[in-house]
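Sequence and computational prediction follow.
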Amino acid sequence: MSPLHRAPARERWSWAIYDFAATLFSMNMLSLYFAVWLVSDLHAPNTVVAIANGITAILVVLSLPVFGTLSDVSGRRKPWVTGFTLLCAAATVGLGIIGTTLVPRIGDSVLGGISDPAFRVGGTALTAIVLMFVVANYAHQGAVPFYNAMLSELAPPGERGRLSGLGAALAYIGSITGVLMISPFFNGSIPVVGPLSDHVIHTLRTLVPFTSSAGRVSTFAPTAIVFLLFSIPFLLFCRDHMPNPVKQGIPWRKAFEDVKHTVRETRRYPGTRRFILASLMYQDAMGTIIGFMALYAVVAMGFTKGSETTLFVVLTIPAVFGSWLWGRLTDTLSPKRTLTIVITSWIVLLVAMMFVTSQTAFWVVGGLIGFIYGGVTVAERPLLLTLVPEEESGRFFSLMILSARAAAVVGPFIWGLAVDGLSPVIGTHLAYRAAVGTVAAAMLAALYVLRGVPDRSGQVVLPAPTGTR
């Protein structure tokens, strides 16, 4: 199929629904349950979570550019998404099995558990937990660049913003759905709705294996099952439209050689290097503020502890509608202009967050942040496709994933330095507000770098001659 034509509606919707499934997974495993289970319930050191995420980041850095090159050569994206999806689901179930067989029942909401403050998970059990989490997290991240690269084969340039926006909107619905569907396995209740009947809970825990003990450990297996369930439309109906028909051996040597040229090759396509640098900065800012939003609400704004889940659900709802709007604007205004508007809005709202003093005002600012949050993902995918040839997009989307992994380390580190360094001097409340200022500064820097990225909406980028490498 020519990239100027659109794929059937069934295929486009199936692609977008995968965003729903992937975000449901990341919400439950990466944001809500795993780290708290390991550190709070099993009393592992915080550094263990950092080490697990660090190992994942290293694997991503070393492998995804190579896999992206192989994908570009073969013209195939779906096998990579499929393989990583199945591996992620299997490893997540494995984590649930390990958590219910190798460690004692301990932690919040666990049924028939023990109360032993002196217990510390370690040895074989801890090694197995970290290993399984690394595999699941790596596979989840591994599918992303190949999934994003498929966008160019599903819709013509003028419609990619809307399709990207549909995926982002469904992703935020997936976040909310993940909380609502999985929390009954944790504590027998649904946020906002309240507790379920004993009969319903018993039925759920009978149907889904490795959930009988309740607690956070019982969320892993159902998360894997639901993630895989909502991935089925993609697995069944999406396909590669422009595979390389020539059968050839896997060019591993060439792939490894191309990895060291990937950053240098961004010079062949003006604006690409600037865009990826800007992406690092705004992803750094977004990841940091979202990661610390709940803590900021409790410490700086006086919210009650334990209200994080409800806060997340409520503030995610505007993101669903915002993603749809940003998708329309991306096609109408261009991806570059839309992304510029989104980042400018981020700066304004972060500054506002620094100065609001009432919880009501915080809800307003948080809701507006939720509304613009999806705009970045919606606009950046089509923007990259205006800068590089579609047949080489796999490696460049992989490079964007690397920048996001770097951001995941840098942003929280700067936030921590700001809070820990300033708290003794100006107090905890003001230190947290100053930390928000560092995030706003990162967004401002991203906006400055983004200004130099050319706006090539509607143009087709041809591969540069081989000799220019």
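Sure thing, it's come through. This one's a predicted model, so the numbers in the text were calculated from it and none came from an experiment.

quick one, longest helix in the chain?
Secondary structure of the chain read by DSSP state H shows that its longest helix is helix 393-426.

Which strands and helices lie in contact with it?
In this structure, helix 393-426 makes packing contacts with helix 46-74, helix 123-149, helix 252-265, helix 272-299, helix 359-385, helix 428-450, judged by 3 or more CB pairs under 8 Å, 6 or more residues apart in numbering; DSSP states H and E. Where C-beta positions appear, they are placed from N, C-alpha and C, glycine not excepted.

Out of the helices and strands in this structure, which is least certain?
Ranked by mean pLDDT, DSSP states H and E, the weakest helix or strand in the chain is helix 252-265, scoring a mean of 59.

At which residues are the strands of the stretch 101-250 of the chain located?
189-190, 194-195 (DSSP state E, counting those that start in this stretch).

SS state for Leu349?
Counting by DSSP: H, G, I helix; E, B strand; the rest coil, the backbone at Leu349 sits in helix.

Mean pLDDT and distance to Val364 added to the strands of the stretch 101-250 of the chain, as a markdown table?
Formatted as a markdown table, the strands of the stretch 101-250 of the chain follow (pLDDT from 0 to 100; distance: least, CB to CB, whole Å):
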| stretch | mean pLDDT | distance to Val364 |
| --- | --- | --- |
| strand 189-190 | 86 | 26 |
| strand 194-195 | 86 | 26 |
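
Highest mean neighbour count across the ones you listed, which stretch is it?
Mean neighbour count (mean count of other CB atoms under 10 Å) peaks for strand 189-190 among those, with a mean of 15.

Now for Ser323, how many residues are close by?
Using other CB atoms under 10 Å, Ser323 has 27 other residues around it.

from here on, count from 63
Yes, from this point I'll number from 63; that puts the last item at Ser385.

Identify the residues contacting it.
Each residue near Ser385 by CB atoms under 8 Å, 6 or more residues apart in numbering is listed here: 227-228, 230-231, 233-234, 436-437, 439-440.

Next, give me the two most distant ones among these.
Pairwise distances across the contacts of Ser385 peak at 13.6 Å for Leu228 and Gly437 (criterion: CB to CB).

more crowded one of these two?
Gly437 (26 against 21).

Could you grab the helix/strand/coil label for Leu373?
Leu373 is classified as helix under three-state DSSP.

my read: Ala480 touches Leu492, true?
No: between Ala480 and Leu492 there is no contact under CB atoms under 8 Å: 10.7 Å.

quick one, which of those two is more surrounded?
Taking other CB under 10 Å, Ala480 and Leu492 do not tie; Ala480 has more neighbours (19 against 14).

ok, how many other residues are close to the nearest residue to the more buried one once chain neighbours are set aside?
Distances taken as CB to CB, 6 or more residues apart in numbering put Ala497 closest to Ala480, at 4.1 Å, once the chain neighbours are dropped. Burial of Ala497 is recorded as 25 neighbouring residues (other CB under 10 Å).

With Ala84 instead?
By the criterion of other CB under 10 Å, Ala84 has 26 neighbours.

Domain parsing of this structure, as residue ranges.
69-301, 329-515 (automatic domain parsing).

Select from those the stretch with the lowest mean pLDDT.
Among these, domain 329-515 carries the lowest mean pLDDT, at a mean of 83.

Apart from its neighbours in sequence, what residue is nearest Leu228?
Distances taken as CB to CB, 6+ apart place Ala78 nearest to Leu228, at 4.5 Å, with adjacent residues excluded.

Can you check what angle separates the helix or strand containing that neighbour from helix 185-211?
Per DSSP states H and E: Ala78 is located in helix 71-87. Orientation check (axes from the mean of the first three to the mean of the last three CA atoms, to 10 degrees): helix 71-87 against helix 185-211 gives 150 degrees.

Buried residues, helix 71-87. List them.
Residues of helix 71-87 classed as buried by neighbour count (16 or more other CB atoms under 10 Å): 73-87.

likewise stretch 271-278?
Buried residues in stretch 271-278, counting neighbours by 16+ other CB under 10 Å, are found at 272-273, 275-278.

before we move on, back to that, OK, contacts around the residue nearest to Leu228?
Shown in contact with Ala78 (CB under 8 Å, 6+ apart): 225, 228-229, 232.

repeat that with 10 Å
Residues near Ala78 by CB atoms under 10 Å, 6 or more residues apart in numbering: 213, 216, 225-233, 295-296.

What of His261?
Contacts of His261 by CB under 10 Å, 6+ apart: none found.

Next: Ile79.
Contacts of Ile79 by CB under 10 Å, 6+ apart are 228-229, 232-233, 235-236, 292-296, 299-300.

and those residues, which are buried?
Buried subset of those (neighbour count, 16+ other CB under 10 Å): 228-229, 232-233, 235-236, 292-293, 295-296, 299-300.

List the ones among the residues you listed that fall in helices.
Using DSSP H, the subset of the buried ones among the contacts of Ile79 located in helices is 228-229, 232-233, 235-236, 292-293, 295-296, 299.

Closest one of those to Leu157?
Leu157 lies nearest to Ser293 out of those, by CB to CB, at 17.8 Å.

OK, contacts around the nearest residue to that closest one once chain neighbours are set aside?
With CB to CB, 6+ apart as the criterion, Ser293 has its nearest non-adjacent residue at 4.6 Å, and that residue is Ala83. Listed by CB under 10 Å, 6+ apart, the contact set of Ala83 reads 147, 151, 232-233, 236, 239-240, 288-296.

what's the most distant pair in those?
Across the contacts of Ala83, the longest distance by CB to CB is 18.7 Å; it joins Ala151 and Leu232.

Distance check, Val196 against Asp346.
Per CB to CB, to the nearest Å, Val196 is found 22 Å from Asp346.

Kindly apply the preceding question to Ser133 instead.
Counting by CB to CB - Ser133 and Asp346 are separated by 26 Å.

just to revisit the earlier point, redo the helices and strands packed on helix 455-488 as CSV? Include distance to Ala414.
As requested, those are exported to CSV (distance: least, CB to CB, whole Å):
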stretch, distance to Ala414
helix 108-136, 31
helix 185-211, 31
helix 314-327, 36
helix 334-361, 12
helix 421-447, 5
helix 490-512, 10
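
Show me the one of these that comes nearest Trp386.
Evaluated over these, closeness to Trp386 peaks at helix 421-447, with 8.5 Å, by CB to CB.

what about the residue nearest to Leu445 when sequence neighbours are not counted, neighbour count?
Once flanking residues are discounted, Leu445 sits nearest to Pro397: 3.6 Å by CB to CB, 6+ apart. Pro397 has 29 neighbouring residues, counting by other CB under 10 Å.

Same question for the one 10 residues further on.
Summarising burial for Ser407: neighbours were counted as other CB under 10 Å, giving 16.

Repeat that for the one 3 residues further on.
By other CB under 10 Å, the residues close to Val410 number 14.

got it, and Leu124?
Other residues near Leu124 number 10, with proximity taken as other CB under 10 Å.

Quick check: the residue nearest to Ser293 vs Gly437, distance?
21 Å.

Kindly report the same for Gly185.
Distance, Gly185 to Gly437, using CB to CB: 46 Å.

do the same with Ser136
In this view, Ser136 and Gly437 are 33 Å apart by CB to CB.

Return the distance of the nearest residue to Leu447 once chain neighbours are set aside relative to Leu132.
In this structure, Leu447 finds its nearest non-sequential neighbour in Ser214, 5.3 Å apart by CB to CB, 6+ apart. Separation of Ser214 from Leu132 (CB to CB): 17 Å.
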